[in-house]
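Engineer: pasting the structure only:
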């Protein structure tokens, strides 16, 4: 009896260890993904302390990446493109399976107006693979407000 109880305890112990490792691995993947996005945004000269990012899991289990960037009235499209390209390259480099990307541009000079857009991973792949032009991409993304 003590042998089977000990085996159960060891099995439960290993299960807990595996769950902790899986959550730590996902958390470190998040940090790596966020750092990659920030590095890419710096290449496009989109920086600031108002940049906010998070990864959400939907009810179906799909990952969605939310990115909010500061913008001026005359460069909203540039900021949106920089956000989408940065997310696309981060997805490619980290291998994180993100199904949908939301990019919001907060227009600073226009009474805090926010432009919220979304694109699928397929649209991002087409953009990065140069199957569509940036202008066509901006025409195909969904505007949520």
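Structural biologist: Alright, I've got the coordinates. Computed from a predicted structure; not experimentally measured.

Engineer: helices along the chain, start to end?
Structural biologist: 2-43, 76-94, 121-128, 134-140 (DSSP state H).

Engineer: contacts for the last one, please.
Structural biologist: Contacts with helix 134-140, where a contact means CB atoms under 8 Å, 6 or more residues apart in numbering, come from 77, 80-81, 84, 119, 123, 126-127, 132. Every residue, glycine included, has its C-beta placed from N, CA and C.

Engineer: which of those sit farthest apart?
Structural biologist: For those, the maximum inter-member distance is 17.8 Å, found between 77 and 126 (CB to CB).

Engineer: give me the more crowded residue out of these two.
Structural biologist: Between residue 77 and residue 126, counting by other CB atoms under 10 Å, residue 126 is the more crowded of the two (17 against 14).

Engineer: my guess is the more buried one meets residue 120, correct?
Structural biologist: No - applying CB atoms under 8 Å as the test, residue 126 and residue 120 come out as separate, 9.5 Å apart.

Engineer: so how far is residue 136 from residue 66?
Structural biologist: With distances taken as CB to CB, to the nearest Å, residue 66 is found 24 Å from residue 136.

Engineer: so who does the closest residue to residue 54 other than its chain neighbours touch?
Structural biologist: Nearest residue to residue 54 in three dimensions, chain neighbours excluded: residue 66, at 5.1 Å (CB to CB, 6 or more residues apart in numbering). Neighbour list for residue 66: 52-56, 102, 104 [criterion: CB under 8 Å, 6+ apart].

Engineer: okay, and the beta partners of residue 142?
Structural biologist: residue 118 (DSSP bridges).

Engineer: go ahead and confirm it touches residue 123.
Structural biologist: No - with contact defined as CB under 8 Å, residue 142 and residue 123 do not form a contacting pair (9.4 Å).

Engineer: so which of these two has more stuff around it?
Structural biologist: residue 123 (21 against 12).
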